[in-house]
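Peer 1: Mind folding the following:
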Amino acid sequence: MFWIDTHAHLYSDEFLADQQEMVKRALDAGVTTLLLPNIDESSITAMLKLEAAYPKNCFAMMGLHPCYVKPDVENQLRLVKDWLIHRSFKAIGEIGLDFYWDKSLADQQYQAFREQLQLARQYKLPVSIHSREATRECINEVKSLQDGNLSGVFHCFSGTLEEAKEIIDLGFYLGIGGVVTFKKSGLDKIIENIDLEHIVLETDAPYLAPVPYRGKRNESAYIPLIGEMVADIKNLKIEEVAAITSSNARKLFKTL
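Peer 2: Take a look at the predicted model:
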């Protein structure tokens, strides 16, 4: 079985002490393709260094995370645009809206999200969308710009079944991670009613580790635990979940 982790911050400081061993554990677990979403200007160097160390396994995205927008967001977006001119990336990400902690820079978040969605159309790249406490708002933004040339994933999906169906109708995938293993997440009820053709798997490492590692550092080697839970919910063999979700990821991110 081979798996794809469609969203993992494996370049983060939490992995400094054992990054090589952590990647090896993922590869040994059959998680052979690892997609790396960017955060902001401070994360680019470490992300690209990891990609260069594992060119057959690690693939970088370029984007500005909504939690890291600054009042001078134009300068941050200029850097994203410069990198997209400079070299190719697998996706625009991590982008979106986050109203969980703070709404004081909501205008800058919207500006960054809209401009990066337009960049995705321009470069014909998928997007990885962060939508914590802002699923409805993110759906509305995608709807307003969807002209048939936008594709992507709502990473760490946490919305309602109705929102899940809207996202699918927009041609987007649902990113399912460790939260699906949490007893009261409610994701099981949504996954029961969604065809596996619309789901990709992710860890969001080092965050949101699945049971039995909940509360500890997450890593890509745990993708099979997430796949196992999805298989249980859908009453499928784990091999089917690995094959279908990996096929979905390859369709979305292309050339993987």
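Peer 1: quick check: mean pLDDT across stretch 60-75?
Peer 2: Mean pLDDT, stretch 60-75: 98.
Peer 1: For that stretch, what is the spacing between the initial and final residues?
Peer 2: 21 Å (CA to CA, to the nearest Å).
Peer 1: Buried ones in it, by neighbour count?
Peer 2: For stretch 60-75, burial by neighbour count (16 or more other CB atoms under 10 Å) applies to 60-69, 73. Every C-beta, even on glycine, is put in place using the N, C-alpha and C of the backbone.
Peer 1: Reformat these as CSV; add secondary structure.
Peer 2: Shown next, in CSV, are the buried residues of stretch 60-75 (DSSP: H, G, I helix; E, B strand; the rest coil):
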residue, secondary structure
60, strand
61, coil
62, strand
63, coil
64, coil
65, coil
66, helix
67, helix
68, helix
69, coil
73, helix
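Peer 1: closest to residue 194 among those?
Peer 2: Using CB to CB, residue 61 is the member of those that lies nearest residue 194, at 24.2 Å.
Peer 1: tell me the contacts of that closest one?
Peer 2: By CB atoms under 8 Å, 6 or more residues apart in numbering, the contact set of residue 61 is 35-38, 89-94, 128.
Peer 1: Swap in 7 Å and give it another go.
Peer 2: Neighbouring residues of residue 61 by CB atoms under 7 Å, 6 or more residues apart in numbering: 35-38, 89-93, 128.
Peer 1: with these in mind, which one is nearest to residue 238?
Peer 2: After measuring the contacts of residue 61 against residue 238 - CB to CB - the closest member comes out as residue 35, at 21.0 Å.
Peer 1: got the contact list for the helix or strand containing the closest one?
Peer 2: Using DSSP states H and E, residue 35 sits in strand 31-36. Strand 31-36 has contacts (CB under 7 Å, 6+ apart) with 2-8, 10-11, 26, 47, 50-51, 57-61, 90, 220-221, 223, 253, 256.
Peer 1: Next step: the residues you listed restricted to strands.
Peer 2: 3-5, 58-60 (DSSP state E).
Peer 1: Could you export those to a markdown table, including columns for distance to residue 159?
Peer 2: Compiled in a markdown table, these are given as follows (distance: CB to CB, whole Å):
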| residue | distance to residue 159 |
| --- | --- |
| 3 | 24 |
| 4 | 22 |
| 5 | 21 |
| 58 | 29 |
| 59 | 26 |
| 60 | 27 |
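Peer 1: filter the residues you listed to the buried ones?
Peer 2: 3-5, 58-60.
Peer 1: and which of these is nearest to residue 213?
Peer 2: For those, the nearest to residue 213 is residue 5 (14.8 Å; CB to CB).
Peer 1: Following the chain past the helix ranked longest in the chain, name the next helix or strand.
Peer 2: With secondary structure taken from DSSP state H, the chain has its longest helix at helix 106-123. With elements assigned by DSSP H and E, the helix or strand that comes after helix 106-123 is strand 127-130.
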